[in-house]
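Asker: I'd like to go over a predicted model; first the sequence, then the structure.
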Amino acid sequence: MKIIILGAPGAGKGTQATKISEKYGIVHISTGDIFRANIKGGTEIGKLAKSYIDAGKLVPDSVTCDIVKDRLTKDDVKDGYLLDGFPRSLFQAEELSKFDDIDICLNLEVDTSLIMDRICGRRMCACGESYHVSTLGGKTTCAKCGNELYVRDDDNPATVKSRLDTYNVMTAPLIAYYAAQNKLVTVVCGTKTPDEVFAAVCDALDSFGK
Ligand code: ADP
Ligand code: ZN
């Protein structure tokens with residue numbers, strides 16, 4: 001199964017992608033994670049990507065498309081993959097279609113009025129877990145692994161606003177693009193908990209094409 005996961009920033013793509021990859025046994029590839037690892041490692045790609053990420057803009061296609069193409073040539077994606085954060089524009093979708101055919105585009109629909117609070121209150125752990133300040137009760141460490149939690153550099157109001165604009169202009173047109181190919185599956189997140197969203201996602205994926 002080759003899946004793309006689409007959604008505005010803060011829709012919970014990363015959380016759902018992790019759960020999907022565990023349940024269905026497919027590799028989770030997140031372009032955001034790849035860029036953040038490069039920034040942490042101080043690579044040339046990381047240095048270039050950082051200015052765009054901090055501004056809430058898309059990292060140039062010349063860099064992003066090559067990273068994804070290269071990743072999709074590895075052995076572990078032969079039986080399927082879950083792309084999280086790519087494609088993020090019609091151009092990227094066309095590029096992807098030149099070297100692979102995806103089966104499903106899973107669209108997580110989230111109420112935009114919730115996004116600012118969700119993202120700005122988000123606390124991350126290096127283990128991949130994430131929390132919201134409102135449920136931490138003042139704790140600053142991860143309940144799973146004990147590591148100190150941190151705030152992503154791009155999770156501040158100015159950058160979130162720009163990420164949302166970028167999403168609306170560049171990424172949202174992909175919804176119609178994949179709908180026209182009969183590949184779109186939309187799950188409305190509303191006020192559901194991550195587990196409730198995941199149950200709806202599994203239902204949608206399992207019944208797709210049946
Ligand atoms: P979110 O969806 O919550 O905004 P991501 O971790 O997916 O977070 O992406 C963080 C940032 O990384 C984006 O705002 C963008 O700058 C960059 N990025 C990720 N994927 C892509 C992509 N496919 N093309 C261009 N830039 C990307
Ligand atoms: Zn942790």
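Answerer: Noted; the coordinates are in hand. Ligands and ions are numbered 1, 2, ... in the order given.

Asker: what are the phi and psi angles of Asn107?
Answerer: phi -110, psi 120 (degrees, to the nearest 10).

Asker: One more: the one 10 residues further on?
Answerer: When read as degrees, to the nearest 10, the backbone of Asp117 gives phi -70, psi -40.

Asker: Give me the neighbour count for it.
Answerer: Neighbourhood size, Asp117 [other C-beta atoms under 10 Å]: 14. Any C-beta I mention is one placed from the backbone N, CA and C, and that applies to glycine too.

Asker: That one and ligand 1: what is the separation?
Answerer: 14 Å (C-beta to the nearest ligand atom, to the nearest Å).

Asker: Over to Ala176?
Answerer: Distance of Ala176 to ligand 1, given as C-beta to the nearest ligand atom: 18 Å.

Asker: What's the per-residue pLDDT of the nearest residue to Pro157 once chain neighbours are set aside here?
Answerer: Computed as C-beta to C-beta, 6 or more residues apart in numbering, the closest residue to Pro157 that is not its neighbour in sequence is Cys120, at 6.0 Å. Predicted confidence (pLDDT) for Cys120: 94.

Asker: what residues are up against Cys120?
Answerer: By C-beta atoms under 8 Å, 6 or more residues apart in numbering, the contact list for Cys120 reads Asp155, Asn156, Pro157, Val160.

Asker: if I look at it, how far off is Asp155?
Answerer: 6 Å (C-beta to C-beta, to the nearest Å).

Asker: Same question for Val68.
Answerer: 24 Å.

Asker: repeat for Lys2
Answerer: When Lys2 is compared with Asp155 (using C-beta to C-beta), they lie 29 Å apart.

Asker: Tell me the buried residues in the helix or strand hosting Phe91?
Answerer: Here Phe91, judged by DSSP states H and E, is contained in helix 90-99. For helix 90-99, a neighbour-count test (16 or more other C-beta atoms under 10 Å) marks Gln92, Ala93, Glu95, Leu96 as buried.
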